[in-house]
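> Kindly return the folded structure for what I paste below:
(chains A and B)
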Amino acid sequence: MPKFVFLPTDVALALLLAGLALYIWHARRSPDLRATWRPVFRDAAAMSALLMLSLFLLVAVLDSVHFRTRLPSVAGAPADAPAAYSTRTYSVLDQLLRRQMEGTERTYSAPLSYQSYSKETVEVDGKPVREFPRLAYGGAHLKEPARQWLPDLARRSAAGLVAGLVVALLLAATVVALRAGRRRVAFSASAREVWRRETEVPLRAMLLTAGAVLLAVGWAAAVWPAYHILGTDRTGNDVLYQALKSIRTAIVIGSLATLATLPFAISFGILAGYFKGWVDDAIQYLYTVLTSIPPVLLIAAFVLMIQVWIDKNPQLYETGLERADVRLLLLCVILGVTGWATLCRLLRAEALKLSELDYVQAARAFGVSNLGIMRRHIFPNLMHIVLIVAVLDFSGLVLYEAVLSYVGVGVDPTTASFGSMFNLARTEMSRDPPVWWNLLAAFIFMLALVLSANLFAGAVREAFDPRARAFRPRLARSARSVPPAGERAVDDGRAAAGGAG
Amino acid sequence: MLAVDLGPGLCRDDDASMLNYILRRLAYGVLILVGVNLFTFILFFTLNTPDDMARLNIGGKRVTADAIEKWKIERGYDKPLLFSGKDQGARRFTNTIFFERSVQLFAFRFGASDSGRDIGYEIRQRIGPSLAVALPTYLLGVMATVCVALLMVFFRATYLDFWGVTGAVVLMSISALFYIIVGQWFFSNLLRLVPISGFAGGWNLAVFLALPIVIGVVARLGGDSLLYRTMFLEEIGKDYVRTARAKGLSEAAVLFRHVLRNASLPILTSTVAVLPLLFLGSLIMESFFGIPGLGSYTIDAINAQDFAVVRAMVFLGSFLYIIGLILTDVSYTLVDPRIRLA
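Coordinates of the predicted model:
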């Protein structure tokens, strides 16, 4: 039994997931929330994005379960001797990708290559010769790489792609069959409906996205064990593995930093909007002071101070990994402490409006306490703003992490992150010939994550903010994006009302 | 033409209330600045003692009690924080870290950095280069985004709009660092059109600034053009647009003569808010392109853990922000008479 290690951000992420599950459970039971969320689940782009986001989340969760493996007991040790554990902490993802993690080369190697990227002096028959040395892991199974490399790669790719395709087709068939069973229609009719986009949930788009992902995963599963798909970086680490590890950092920052803003933003926003007067003045003063400091400088000031503080308190962490993780968590807290002003301003304005409404007056007349009114009557009616802003902020924070890491106030240098990959890429691209795969890996994964988050956030905003719906690009005469007649009438009515108001 | 006529101009009464208003905004600005100053002081001097900072700055094996003491005396951090009991009269308050490091900022006396250079001199030297990059980037960026947004609005409900928005979302999802790294590689390493980085006076300036400016514009194009598109679409639903259309004006005339003018109010006021901050330059642009401005100064200070420079830049940044805030409020009341002075 390995010894589980609970890093601070692991715990925070687990709590966040629990909160998310609780919200889903709550939203499923509430007819209102179900109705509000429904357009999101009908939106093809949003659902494909949700699929991608779930995949990223899965990687992040796999990378958030840490443990130290048990070392084999020494021969001759007494039976009740305490178990010894490895000093290195692994995550489940590390364990799954053990070969990729440990298969480090000496230095740079190009994607899918079997030899090093630069020539080295090797001794052949007693004479020094300049040549490209073979890699220790990438393509190590090839006996005559020059001749075998391409056929081997083609064979593996074909096998992987076919396997991915088969799984994708099986998945599609299962979905169609399940749907046919539930709707009591023939399999072929169900398949036709899915293909013609006549389903409520955009199954075709989701299945296509899943198919593309499965193809990519199948290909990677076939090729990765033998080659470094995205090459290796300066210290010989597999770049694809680093990119997968970076996903967790990005998701932790995107979600926990938003979470950290909520206590300040919600409590101050409601207090200011409800009590008005000097409370409002004080809170407005507070957030004007905070916003008047340029954000990067404010964060830099905090991070510099926290760095000194972390160095001063070494009892907080045992290993380098824990130190890096404490820093990651504190970075999220700092982003929260410095970033609550925008949301607070929105909530204050809304609370100001709500506190004048009749039902709040009625509650007051009935003698409900201030705290009770704020908790039961104002707070629930602000939740949609909190949700919209939290979802919109996520992608911005993921992008922000890269900038902060570049400036030198981001995550710990030992933590894998897109920012540090970009940082390395800067010098790598000015080499001749350029080392481009680090940049490419960071670009692909970050774009996929941020784009999915943006698309999903857009749909959520449209669902919760009727005004945003009017600005959605709509194709006038295209048959495919025409919603059912009833819904469109409501939509246009809202757009007109929003425009006139 | 503005939707609301400016009326017969501001009369004498309004002038007095305007002055009153500006004075009140100024007073509030000073109050905010005091808050910023107190906040930075607390952040920098109470969470960690000067001893900790000295240890970090000296670093490694050289940390001894003597070295820390010497480091502090050289930089004036050996003084008491708020109140000096040893001195007489006003010196009790002025011979402290708080007075020398925080109060002096209000007179723009930034003092020496932790590495011993005069911060005020550095700032004066570096404001020019910062502005040379930031100002054209911002102005060209606003023009480009307005054009793109107008195009999307003009072709709304067509494929051009749909793909425009989609493209903007994709552009928005790409890190600014990527644009810079790829831009530098493509235009400087591959095509050798412009130098990779550097700065020079005179006509050579344009060669060095072309790439950072273009990249700066492109990096912001996605998000900003979506924002402006929303602003234009908001205007397009209003009554005066319907009237203009009913008069039989062409769509282009409606867009450029009516919608653009009215939507440019918020664009103008947001410009006024941002202009002072342009003095600070852009952190990553300047550091990538080797421009000796305030942005690269700040990054260097952060990397060298020079707290004095970071404090000075925090003060300068919030000072400029507050100036922008006041200018915005004033310009709102000047441009839009519907906004009453409260």
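> Please count neighbours and contacts with C-alpha atoms only from this point.
OK.
> Where does the nearest residue to residue A:390 once chain neighbours are set aside sit, in terms of helix or strand?
With Cα to Cα, 6 or more residues apart in numbering or on different chains as the criterion, residue A:390 has its nearest non-adjacent residue at 6.0 Å, and that residue is residue A:258. Per DSSP states H and E, residue A:258 falls inside helix A:239-275.
> Give the other helices and strands that that helix contacts.
Under the contact definition 3 or more Cα pairs under 8 Å, 6 or more residues apart in numbering or on different chains; DSSP states H and E, helix A:239-275 sits against helix A:8-29, helix A:44-62, helix A:277-292, helix A:320-338, helix A:341-354, helix A:383-407, helix A:418-429, helix A:437-464.
> Any regions of the stretch 151-300 of chain B where pLDDT drops low?
Within the stretch 151-300 of chain B, no range satisfies pLDDT under 70.
> Please work out which residue of the stretch 1-150 of chain A is closest to chain B.
With Cα to the nearest Cα as the measure, residue A:45 is the residue of the stretch 1-150 of chain A nearest to chain B, at 10.6 Å.
> Am I right that that residue is in contact with residue A:455?
Yes - using Cα atoms under 8 Å, residue A:45 is in contact with residue A:455, at 6.6 Å.
> So which of the two has more stuff around it?
Neighbours per residue, other Cα atoms under 10 Å in any protein chain shown: of residue A:45 and residue A:455, the larger number sits with residue A:455, 23 against 20.
> Quick check: chain neighbours aside, which residue is closest to that one?
Per Cα to Cα, 6+ apart, closest to residue A:455 is residue A:46, 5.6 Å.
> Enumerate every residue touching the one you found.
A:40, A:452, A:455, A:456, A:458, A:459 (Cα atoms under 8 Å, 6 or more residues apart in numbering or on different chains).
> same question, residue B:102
Residue B:102 touches B:37, B:38, B:41, counting by Cα under 8 Å, 6+ apart.
> Looks to me like it is in a strand.
No - the assignment for residue B:102 is helix, going by DSSP: H, G, I helix; E, B strand; the rest coil, so no strand is present there.
> Quick check: what element follows the lengthiest helix in chain B along the chain?
Ranked by residue count under DSSP state H, the longest helix found in chain B is helix B:119-154. Sequence order places helix B:159-172 as the next helix or strand after helix B:119-154, per DSSP H and E.
> Surely residue A:1 is in contact with residue A:72?
No - counting by Cα under 8 Å, residue A:1 sits too far from residue A:72 to count as a contact (11.2 Å).
> count of neighbours near the residue nearest to residue A:390?
Using other Cα under 10 Å: residue A:258 sits among 25 other residues.
> Contact partners for it?
A:335, A:336, A:390, A:393, A:394.
> Read off the pLDDT value for the second one.
When you say that, I think you mean residue A:336. At residue A:336, the predicted lDDT confidence score is 91.
> Run a quick neighbour tally on it.
Neighbours of residue A:336 using other Cα under 10 Å come to 21.
> Quick check: residues of the stretch 151-300 of chain A near chain B?
By Cα under 8 Å from any Cα of the partner chain, the residues of the stretch 151-300 of chain A that approach chain B are A:285, A:288, A:289, A:290, A:292, A:293, A:294, A:297, A:298, A:300.
> Any chance you could list what contacts the host helix or strand of residue A:311?
According to DSSP H and E, residue A:311 maps onto helix A:295-312. By Cα under 8 Å, 6+ apart, the surrounding residues in contact with helix A:295-312 are A:316, A:327, A:330-331, A:334-335, A:338, A:404, A:409, B:43-44, B:47-48, B:52-53, B:56, B:302, B:305, B:310-311, B:313-314.
> List the contacts of residue 244.
As the question left the chain open, I've gone with chain A. Residues near residue A:244 by Cα under 8 Å, 6+ apart: residue A:59.
> You answered for a different chain; I wanted chain B.
Counting by Cα under 8 Å, 6+ apart, residue B:244 has contacts residue B:254.
> Identify the residues contacting the residue nearest the centre of chain B.
Centroid-nearest residue in chain B: residue B:277, 2.8 Å away (criterion: Cα atoms, centre = their mean). With contact set as Cα under 8 Å, 6+ apart, residue B:277 has these partners: B:317, B:320, B:321, B:324.
> circling back: identify each buried residue in the helix holding residue A:258, please.
Neighbour counts over helix A:239-275 (16 or more other Cα atoms under 10 Å in any protein chain shown) mark A:239-262, A:264-266, A:268-274 as buried.
> same question, stretch A:404-413
By 16+ other Cα under 10 Å, the buried positions in stretch A:404-413 come out as A:404, A:405, A:406, A:407, A:408, A:409, A:410, A:411, A:412.
> number of nearby residues for residue A:3?
Residue A:3: 15 surrounding residues under other Cα under 10 Å.
> in terms of contact, does it touch residue A:67 like I think?
Yes - contact status for residue A:3 versus residue A:67: in contact at 5.4 Å, counting by Cα under 8 Å.
> where does the stretch 301-450 of chain A come near chain B, residue by residue?
Checking the stretch 301-450 of chain A against chain B by Cα under 8 Å from any Cα, the hits are A:301-302, A:304-305, A:308-309, A:312, A:395, A:399, A:402-403, A:406-409, A:422, A:425-426, A:429-430, A:439, A:443, A:446-447, A:450.
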